[in-house]
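Novice: Here is my input, please return the structure:
(one chain, ligands or ions: 2)
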Amino acid sequence: SDRPRVLSGIQPTAGSFHLGNYLGAVRQWVALQETHDAFYMVVDLHAITVPQDPKELSANTRLAAAQLLAAGLDPDRCTLFVQSHVPEHAQLAWVMNCLTGMGEAGRMTQFKDKSARQGADRASVGLFTYPILQVADILLYQADEVPVGEDQRQHIELTRDLAERFNGRFGETFTIPKPHILKETGKIYDLQDPSIKMSKSASTPKGLINLLDDPKATAKKVKSAVTDTDTVVRYDTENKPGISNLLGIYSTLTGIGIPELEQRYEGKLYGALKTDLADVVVDFVTPFRDRTQQYLDDPETLDSILAKGAEKARAVAAETLSQTYGRVGF
Ligand code: ADP
Ligand code: NA
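Specialist: Ligands and ions are numbered 1, 2, ... in the order given. Just a heads-up that it's a prediction; the model follows:
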């Protein structure tokens, strides 16, 4: 393929993806499979950097894959796989670990945030080195671009640094990847506190739209979203973060531009916007839930899709690892 290659991963978190994951990441992955040679994975190796329950991890991994397929990833248009099915990730990560300085790894700000949540002493060494596993994830596929949110930019810089260091020391081996920063418009905020982003860890249940929740409960959350005491429906993230968030969700899910939405709700109250948006969200989540359930109800099909994906991924990964090992002197 002469299309640029992209590689991206998503954690197999408990329960379902939320609307932020979908609009901010997964939906853009679906679009990229049409224009890029796309590799997408469920990063279960990353999931064990914090304590996990084995049964839950394997269930969550399949659930994540089922949701990615339900969202529109097509195994004929992209390579979809589970990270642990491709042992080369851990193998290349070791080489990259040995190329990284302690101080360099310590400067990764995500580790500081994540380890602070667990108590710095109890955080695992795996959590400390997870950005280096991410480096291996990317370099294994010789990815040209990595679709990430702004918060991951530092890890792409590390990837570029290590790739250049390896190439300089051992000879041209790795493609130097570029970040493909996901659109800011895809950023979704908490429905109850629009000053924070919608997130599994920080949102309260009422502020978070989980895609697999009962659609009726989801409609209720949309209708009780926090807005402001004004009445004009206008996109203004500074003064009207709640309304702007609702307009952003509405626009991304329907493809209707924000100026057109502002016009439609001219002279109408917030309630009208919320009621219509509740319908829009329900119209999205209802078939999404059904499709996810279909994959979960048919484990043989799901397993076979993931086995084929791993086979395609391994063909590329094994080639890169073999070259790398040769250069290192193995
Ligand atoms: P969470 O913050 O809920 O733990 P993750 O960090 O696992 O979610 O995010 C997975 C992907 O979803 C990332 O690519 C991230 O950029 C995207 N994402 C998460 N929350 C949001 C949000 N509120 N708006 C837009 N994108 C988001
Ligand atoms: Na996050």
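Novice: does any bit of stretch 145-165 sit next to ligand 1?
Specialist: Yes: judged by C-beta under 6 Å from any ligand atom, stretch 145-165 comes into contact with ligand 1 through Gly149. No exception for glycine: its C-beta is placed from N, CA and C like everyone else's.
Novice: What mean pLDDT does that stretch get?
Specialist: Confidence over stretch 145-165 (mean pLDDT, whole number) is 91.
Novice: Could you give me the buried positions within stretch 46-63?
Specialist: 46-47, 49-50, 57, 60-63 (16 or more other C-beta atoms under 10 Å).
Novice: And stretch 110-120, by the same measure?
Specialist: Buried residues in stretch 110-120, counted by 16+ other C-beta under 10 Å: 111, 114-115.
Novice: same question, stretch 217-232
Specialist: If you call a residue buried by 16+ other C-beta under 10 Å, then stretch 217-232 has these buried ones: 218-219, 221-222, 225-227.
Novice: which residues sit against that stretch?
Specialist: With contact meaning C-beta atoms under 8 Å, 6 or more residues apart in numbering, stretch 217-232 is reached by 191-194, 206-210, 239-240, 242-243, 245-246, 269-271, 274-275, 277-279, 281-282, 285.
Novice: out of the residues you listed, which are inside helices?
Specialist: If you go by DSSP state H, the contacts of stretch 217-232 have 242-243, 245-246, 270-271, 274-275, 277-279, 281-282, 285 in helices.
Novice: Name only those of those residues that count as buried.
Specialist: Among the ones in helices among the contacts of stretch 217-232, those classed as buried by 16+ other C-beta under 10 Å are 242-243, 245-246, 270, 274, 277-278, 281, 285.
Novice: Out of the ones in helices among the contacts of stretch 217-232, which is nearest to ligand 1?
Specialist: Of all the ones in helices among the contacts of stretch 217-232, ligand 1 sits closest to Asn245, with 9.5 Å by C-beta to the nearest ligand atom.
Novice: For the stretch 1-150 of the chain, what lies in contact range of ligand 1?
Specialist: Near ligand 1, when you scan the stretch 1-150 of the chain using C-beta under 6 Å from any ligand atom, you find 10-11, 13, 18, 20-21, 24-25, 149.
Novice: what about burial for those, which qualify?
Specialist: For these, buried by 16+ other C-beta under 10 Å: 10-11, 18, 20-21, 24-25, 149.
Novice: nearest to Asp303, of the residues you listed?
Specialist: Using C-beta to C-beta, Ile10 is the member of those that lies nearest Asp303, at 18.8 Å.
Novice: That closest one touches Ala25, doesn't it?
Specialist: Yes: because the distance of 6.7 Å satisfies C-beta atoms under 8 Å, Ile10 is recorded as touching Ala25.
Novice: And the pLDDT for Ala120?
Specialist: At Ala120, the model reports a pLDDT of 72.
Novice: Thr204 too?
Specialist: On pLDDT, Thr204 comes in at 94.
Novice: what's around it, how many residues?
Specialist: Here the count is done by other C-beta atoms under 10 Å, and Thr204 has 10 residues near it.
Novice: Also the one 10 residues further on?
Specialist: One way to gauge burial is a neighbour count; for Asp214, by other C-beta under 10 Å, it gives 11.
Novice: Report the separation between the residue of the stretch 201-330 of the chain at minimum distance from ligand 1 and Val222.
Specialist: Taking C-beta to the nearest ligand atom as the measure, the stretch 201-330 of the chain has Ser201 as its residue closest to ligand 1, at 5.4 Å. Using C-beta to C-beta, to the nearest Å, Ser201 is found at 21 Å from Val222.
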